[in-house]
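Student: coords below, sequence missing:
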Ligand SMILES: [Ca+2]
């Protein structure tokens, strides 16, 4: 249940954890996962923040508007927003890469499905296997998908972000770069997230400046935005509060609940291999719906996307997922409704496949460690009659 009995009681342990965090901010937007570690370092070591939003008439008008809309104390909202600072590095971080630069799945994958993250994942799996399996039983979302999400988002809590959420959300709500092709929509989105964050802080009576997260304002092990926290976070460890920073159990349950809420179908694979029959291939038709599952198995194949094995029995819809590989030929898979559900967490097929493949790698490595030692090979007892 989102916001259980004691929502948002900021514990001292959380404050200590946040102080201890020197991690780089995790990138919440899929396209930004492609940015280099060097770029993330620049963000982490950003210069002193810019002006306070207390000086901005538009921010103060916003404060009055959301106070009225959400029945909050207008003086408190104004005072709180006046504590927010413009962070130039955050505005810069959401500026999209130049148009025409091809994406690169192999490069993207290598940043997430790699030994350090897999090792951290195995440790997480071993520490929380019972909780992962309980979440799987409760929601139908496989344990390895849950583990994959938390691993891609924060390396299992190692990189939860070190920006003040208040600064991040205010910067993106009031100064989203106008050069971005979807600047207006993103501004509306971040204003909604800022309003939700302020509502949460006001009702919980906690210090809004103490909350840390990614440069996009995503928080905790699963990097939930405020609206996701409000709607999908659950108290899965049963201590009476929801805490996605300090409770791996709550993070596990909340990721599973999120994916279930976005249509996860138990027992259905995330994707199938696909190849093409050039004699009837209609790529524009196959690509038109992008990642939205649209095609039945029959219509998929009629347009030249050939399936085999279990994929032929798939009862739902499929999407042709294209993953660019820089200048090399692209990779393709047939994505199911469950592949699409993962993209509701982060709107990127690259992100979804990285989650899937990291989770598989973690589970396989964890299974290898727990598999019982093979019995020592004892030489067969030779029949005396066969001895020379
Ligand atoms: Ca809890």
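Tutor: Looks like it came in fine. Computed from a predicted structure; not experimentally measured.
Student: please pull out the lowest mean pLDDT helix or strand from the protein.
Tutor: Comparing every helix and strand of the chain by mean pLDDT, DSSP states H and E singles out helix 30-33 as the least confident one, with a mean of 36.
Student: hmm, who's touching stretch 251-266?
Tutor: Stretch 251-266 is touched from outside by 128, 131-132, 135-136, 138-141, 145-146, 149-150, 157, 220-222, 224, 228-229, 231-237, 242, 244, 316, 336-338, 340-342, 344-345, with contacts defined as CB atoms under 8 Å, 6 or more residues apart in numbering. Every residue, glycine included, has its C-beta placed from N, CA and C.
Student: among these, which are located in helices?
Tutor: 128, 131-132, 135-136, 138-139, 145-146, 149-150, 228-229, 231-232, 337-338, 340-342 (DSSP state H).
Student: now the buried members of the residues you listed.
Tutor: Applying 16 or more other CB atoms under 10 Å to those, the neighbour count classes 128, 131-132, 135-136, 139, 145-146, 149-150, 228-229, 232, 337-338, 340-342 as buried.
Student: what residues does this protein have near the ion?
Tutor: Along the chain, the residues adjacent to the ion under the rule CB under 5 Å from the ion are 235, 237, 239, 247, 250.
Student: how many neighbours does the nearest residue to the third one once chain neighbours are set aside have?
Tutor: Translated: residue 239. Counting by CB to CB, 6 or more residues apart in numbering, the nearest residue to residue 239 once its immediate chain neighbours are dropped is residue 247, at 7.3 Å. Other residues within reach of residue 247, judged by other CB atoms under 10 Å, total 21.
Student: residue 247: what's it in contact with?
Tutor: Contacts were defined as CB under 8 Å, 6+ apart; by that measure residue 247 touches 236-237, 239.
Student: can you list the residues you listed in a markdown table and add distance to residue 372 and pLDDT?
Tutor: What follows is the contacts of residue 247, written out as a markdown table (distance: CB to CB, whole Å; pLDDT from 0 to 100):
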| residue | distance to residue 372 | pLDDT |
| --- | --- | --- |
| 236 | 30 | 98 |
| 237 | 30 | 98 |
| 239 | 34 | 98 |
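Student: out of these, which is nearest to residue 362?
Tutor: Each of the contacts of residue 247 was scored against residue 362 by CB to CB, and residue 236 proved nearest at 19.4 Å.
Student: tally of neighbours for the nearest residue to the closest one once chain neighbours are set aside?
Tutor: Distances taken as CB to CB, 6+ apart put residue 253 closest to residue 236, at 2.4 Å, once the chain neighbours are dropped. The local packing of residue 253 (other CB under 10 Å) involves 28 other residues.
Student: off-centre distance for the host helix or strand of residue 253?
Tutor: Assigned by DSSP states H and E, residue 253 belongs to helix 248-261. With CA atoms, centre = their mean, to the nearest Å as the basis, the distance from the averaged C-alpha position of helix 248-261 to the chain average is 11 Å.
Student: tell me which strands the helix or strand just after that helix pairs with, and in which orientation.
Tutor: Proceeding C-terminally, helix 248-261 gives way to strand 271-273 as the next helix or strand, assigned by DSSP H and E. Taking DSSP bridges as the criterion, strand 271-273 sits next to strand 328-335 (antiparallel) in its sheet.
Student: all the strands of this protein, in order from the start?
Tutor: For the chain, the strands defined by DSSP state E occupy 163-164, 212-213, 271-273, 275-276, 305-306, 319-325, 328-335.
Student: tell me which of those sits most buried.
Tutor: strand 212-213 (a mean of 27; mean count of other CB atoms under 10 Å).
Student: what's that strand packed up against?
Tutor: Under the contact criterion of 3 or more CB pairs under 8 Å, 6 or more residues apart in numbering; DSSP states H and E, strand 212-213 touches strand 163-164, helix 165-174.
Student: for residue 58, find the nearest of these.
Tutor: Of the helices and strands packed on strand 212-213, the one closest to residue 58 (CB to CB) turns out to be helix 165-174, at 6.2 Å.
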